[in-house]
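S.K.: attaching a predicted model along with its sequence, questions to come.
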Amino acid sequence: MPFNIPILLTWLRVALIPLVVGVYYLPLNWRPHADLFATLVFIIAAITDWFDGYLARRWNESTAFGAFLDPVADKLMVAGALLVLVWLGRVNAVLAFIIIGREITISALREWMAEIGARKSVAVSSLGKIKTAAQMVAIPLLLFDGTLFGMIDTSLLGGPLLWFAGVLTVWSMFYYLRRAWPLMKEKSGVM
């Protein structure tokens, strides 16, 4: 297994996921601080997501293992946070299922496409990047669940933004499936 700073940052992101979830299982006297702590940890994890990719490209340290681990860490981070938000009653379970289901579907599609040598057909698109950005802003807003600067209700911003991300989630899933469909028909013999 290769080891470099970008991969270390990705592993850090994986290690932070249980903190976002686990903080809500601490004793009740910790509860008033749980939302802020989970929000800050999620933001740190999201920053490492951007930073590890930047460093890997800048230092020319991209590896096959890093390319595999990075999206896995992203999916785990989003899924863990969404499950907490459903448990807290801040996110609709159907919306969380759609987002998590899409992530699993597209990950499986990318793995299959890589296996047949066509991974570039389902490379990350700008639509997928916008979807990810919307999620990475909406989730901490919903984790915080309070008022910023005495006037901004984070749930009023985060809720619609996550639904927007949900729409982009479905749209991008169909985009990737449409791109892969010709190869899926060819390899499966479906006409």
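M.R.: In hand now; what should we look at?

S.K.: check contacts around V167.
M.R.: Shown in contact with V167 (CB atoms under 8 Å, 6 or more residues apart in numbering): no residues. Heads up, the C-betas are built off the backbone N, CA and C, glycines and all.

S.K.: at 10 Å instead, please
M.R.: Counting by CB atoms under 10 Å, 6 or more residues apart in numbering, V167 makes contact with 95, 98, 131, 134.

S.K.: can you tell me the strand partners of the lowest-mean-pLDDT helix or strand in the chain and which way each runs?
M.R.: Of all the helices and strands that make up the chain, the one with the lowest confidence by mean pLDDT, DSSP states H and E is strand 147-148; it has a mean of 87. Strand partners for strand 147-148, identified by DSSP bridges, are recorded as strand 152-153 (antiparallel).

S.K.: which SSE is immediately downstream of the strand it pairs with?
M.R.: Later in the chain than strand 152-153, the nearest helix or strand by DSSP states H and E is helix 154-188.

S.K.: show me which residues of that following helix are buried.
M.R.: Going by neighbour count (16 or more other CB atoms under 10 Å), the buried part of helix 154-188 is 154, 157-159, 161-162, 164-166, 168-169, 172-173, 175-176, 179-180, 183.

S.K.: next one: stretch 4-13
M.R.: When neighbours are counted by 16+ other CB under 10 Å, the buried residues of stretch 4-13 are found to be 4, 6-7, 9-10, 13.

S.K.: give me the distance from it to the chain's centre.
M.R.: A distance of 16 Å separates the C-alpha centroid of stretch 4-13 from that of its chain, computed with CA atoms, centre = their mean, to the nearest Å.
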